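J.: quick one, fold the following:
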Amino acid sequence: MSGGPEAARPRGAAEVVAERDAIQANLLELDDSFVKRMLEGAALTGQTRERWAAAAAALTALWETYLAYTAVIDRIAELQAGQHHRSAKNDQAELSRLLTSGCVQLPDQPAPLARRDVAGTRRPPVTLTTAVAAMRRWFTAVTEVTALVETVWAALGPPLDAATADLAGRRPLVAGLGPELEAEFADAETALAAARAAANADPLANWADGRVDTAEADRVRAQAAALARRITEIDQLRTRAQTRIDALRTASATAVAERQHAIAGWQHAAERVAPLPPPPPLLEPPALASLDALARSGQWARLRAELDRCEAELATAADATGQARQLTMAAVARRAELRGLLGAYKAKAARLGASENDALAARYDHAYELLWTAPCDLTEAESAVADYQQAILATEGQR
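T.: Here you go, the predicted structure:
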């Protein structure tokens, strides 16, 4: 309802009828509004109950006044229409009186008993302008509450609706995921129902300092989202549990075979070179029977944790086996490299004409003996080959 200050000039019949029509449209829209209907039907508590009680009283007064007001407007419209057919003096006088004088009876607002006059009568009728001003005040009192409640619900609705969707979408998956998760899901539904009931019963409790406090709704939303993710993950685990167990069984067998092969290679290398890095560490096969039992009993959360642990431990052991094998092969390859290097420098000594040099020959024989002795001491062999190499280079420099 809108309108400016009362005009100085008397208003005509057409003007007040148009004003009545605008008021009627606004009242019908208010009466049909979702928030107003929800507040009327809700079991309100706290601040909202207090605010709405006052607003409901204002709404009752507004409608009572409107009914009295519109009856006057209907009479004005009737008299105005009659002027086209007759111009009775009495009708004209009544029309003027209705447009300018007190003609609308406002609803009584009983005072406390101590302040009443035993002989008091109803308040005198008021003019159309005064009645409209009173209706405007009451309309504002009602719409201030409905608009505020609508603002709160608009802020709380999205997180609560999102939580509802998360839980509703996961409800068919919960059965069979274990008592712990089922209890957690029930707690989340209870928390959501409580948050929604509180938002419906006392929405204005969430209004403070000119803003909506969504902390509780956001907490419920986050709880539901996190739980939904866990349910999805565990349901996927339930679907893929046997596949993961079978894959772990295959990977374990492969890792055991790879370690046995690496141990055989290490033992073969140990007969030829020394020192060697440690052999591949022991490999503890996963407890596959326990995993099968967890799957059969539906302990999906525990099964997921055990599968993650077993897969990680197996991957670590397989990496250690691979590294040990590479280091072992590198040691054997180093012996072959040193043999080749020794032969290359012997050929260089021949080109320099130093083959008959006793000192060089002694160094060569020492390195050769180390490299062709099993197991070969790689540390001493590297030192001997380096010594022979330096002697050849020194001879080359003298020449």
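J.: dump stretch 69-78 to PDB, keeping only the CA atoms.
T.: C-alpha atoms of stretch 69-78 as PDB (Å, rounded to 0.1, in the frame of the first residue of the first chain):
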ATOM      1  CA  TYR A  69     -14.100   1.300   4.500                       C
ATOM      2  CA  THR A  70     -15.100  -0.600   1.400                       C
ATOM      3  CA  ALA A  71     -18.700  -0.500   2.400                       C
ATOM      4  CA  VAL A  72     -18.500   3.300   2.400                       C
ATOM      5  CA  ILE A  73     -16.700   3.300  -1.000                       C
ATOM      6  CA  ASP A  74     -19.400   1.100  -2.500                       C
ATOM      7  CA  ARG A  75     -22.000   3.600  -1.300                       C
ATOM      8  CA  ILE A  76     -20.000   6.400  -2.800                       C
ATOM      9  CA  ALA A  77     -19.700   4.600  -6.100                       C
ATOM     10  CA  GLU A  78     -23.500   3.900  -6.100                       C
END
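J.: what does it contact?
T.: When contacts are defined by Cβ atoms under 8 Å, 6 or more residues apart in numbering, stretch 69-78 is touched by residues 13, 16-17, 20, 23-24, 94-95, 98-99, 103-104, 128, 131-132, 135. C-betas here are computed from N, CA, C, even on glycine.
J.: mind checking which of these land in helices?
T.: Those of the contacts of stretch 69-78 mapping onto helices are 13, 16-17, 20, 23-24, 94-95, 98-99, 128, 131-132, 135, per DSSP state H.
J.: of these, select the buried ones using a ChimeraX command.
T.: Here is the ChimeraX selection string for the buried members of the ones in helices among the contacts of stretch 69-78, based on 16 or more other Cβ atoms under 10 Å:
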select :13,16,20,23,95,98,99,128,131,132,135
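J.: output the ones in helices among the contacts of stretch 69-78 in TSV; the columns should cover pLDDT and distance to Ala226.
T.: Formatted as TSV, the ones in helices among the contacts of stretch 69-78 follow (pLDDT from 0 to 100; distance: Cβ to Cβ, whole Å):
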residue	pLDDT	distance to Ala226
Ala13	82	67
Val16	86	61
Val17	87	61
Arg20	87	56
Ile23	89	51
Gln24	90	51
Glu94	76	73
Leu95	75	71
Leu98	78	67
Leu99	79	67
Leu128	85	61
Ala131	88	57
Val132	90	55
Met135	90	51
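J.: identify the residues contacting Val256.
T.: Leu283, Pro285.
J.: recalculate using a threshold of 6 Å.
T.: By Cβ atoms under 6 Å, 6 or more residues apart in numbering, no residues touch Val256.
J.: what about it, which helix or strand?
T.: helix 215-270 (DSSP states H and E).
J.: can you give me the helices for this structure?
T.: Under the criterion DSSP H, the chain carries helices at the ranges 13-31, 34-41, 46-82, 89-100, 128-174, 179-201, 215-270, 288-296, 300-351, 358-371, 378-398.
J.: which one of those helices has the lowest average pLDDT?
T.: Note on these: helix 89-100 shows the lowest mean pLDDT, a mean of 73.
J.: phi, psi for the most far-flung residue of the chain relative to its centre please.
T.: Distance to the chain centre peaks in the chain at Glu356, reaching 84.3 Å (criterion: Cα atoms, centre = their mean). Note on Glu356: its backbone torsions stand at phi -90, psi 0 [degrees, to the nearest 10].
J.: that one and Asp187, how far apart?
T.: Distance of Glu356 to Asp187, given as Cβ to Cβ, to the nearest Å: 94 Å.
J.: likewise for Arg20?
T.: Using Cβ to Cβ, Arg20 is found at 56 Å from Asp187.
J.: same question, Ala361
T.: For Ala361, the distance to Asp187 equals 88 Å [Cβ to Cβ].
J.: neighbour count: these two, which is higher?
T.: Set Ala361 next to Asp187 and count neighbours by other Cβ atoms under 10 Å: Ala361 wins out with 15 against 12.
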